[in-house]
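Visitor: Got a sequence here, can you build the structure:
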Amino acid sequence: MITVYHNPRCQKSREALAHLNAIGAQYNVRLYMNDQESMTAAELEDVLEALDMDAIELVRTKEVLWKEEFKDLELDEDEIILAMIEHPRLMERPIIVNGTKAVVARPAETMDGIL
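Guide: Numbers count the residues shown, from 1 in each chain. The predicted model follows:
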């Protein structure tokens, strides 16, 4: 089953859902910024493995929070993961996971390669 890590306030995230709907895909939406559906560090590590990315590659480095609190620090992989868990808005989105493969669907059509 496809999982979409979705932020309803994000235009790109909404475009990804529209794309999935247009092609008739079945998927689960995970509102990862909601406290009840937040990610664990282990889950984020699994997503990073599926993305084939280091944690820093998933960080929205232009986000004001990153610039103010983290940019000048020398953080290791685990510390970056914890920063994203604590502040999920730091994660690029939307993340589309299908089995052991994942993409950041920007643009939405990027996901076609893993569907």
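Visitor: quick one: secondary structure of Val103?
Guide: Secondary structure state of Val103, per DSSP: H, G, I helix; E, B strand; the rest coil, is strand.
Visitor: which residues touch it?
Guide: Val103 sits next to Leu51, Ile95, Ile96, Thr110, Met111, Gly113, Ile114 when contact means Cβ atoms under 8 Å, 6 or more residues apart in numbering. C-beta here means a position set from N, CA and C on the backbone, and glycine is covered the same way.
Visitor: for Arg93, same thing?
Guide: Tyr5, His6, Asn7, Cys10, Lys12, Ser13, Val104.
Visitor: related to what we said a few turns ago, would you mind giving the contacts of Val103 as CSV with pLDDT added?
Guide: Below are these laid out as CSV (pLDDT from 0 to 100):
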residue, pLDDT
Leu51, 98
Ile95, 98
Ile96, 98
Thr110, 94
Met111, 96
Gly113, 93
Ile114, 96
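Visitor: Widest-spaced pair of the residues you listed?
Guide: The span of the contacts of Val103, defined through Cβ to Cβ, is set by Ile95 and Gly113 at 14.2 Å.
Visitor: Who has more neighbours out of those two?
Guide: When Ile95 and Gly113 are compared for neighbours, Ile95 comes out ahead with 26 against 9, by other Cβ atoms under 10 Å.
Visitor: Tell me what that one is bridged to.
Guide: Tyr5, Val104 (DSSP bridges).
Visitor: That one contacts Cys10, correct?
Guide: No: taking Cβ atoms under 8 Å as the definition, Ile95 is not a contact partner of Cys10, at 11.2 Å.
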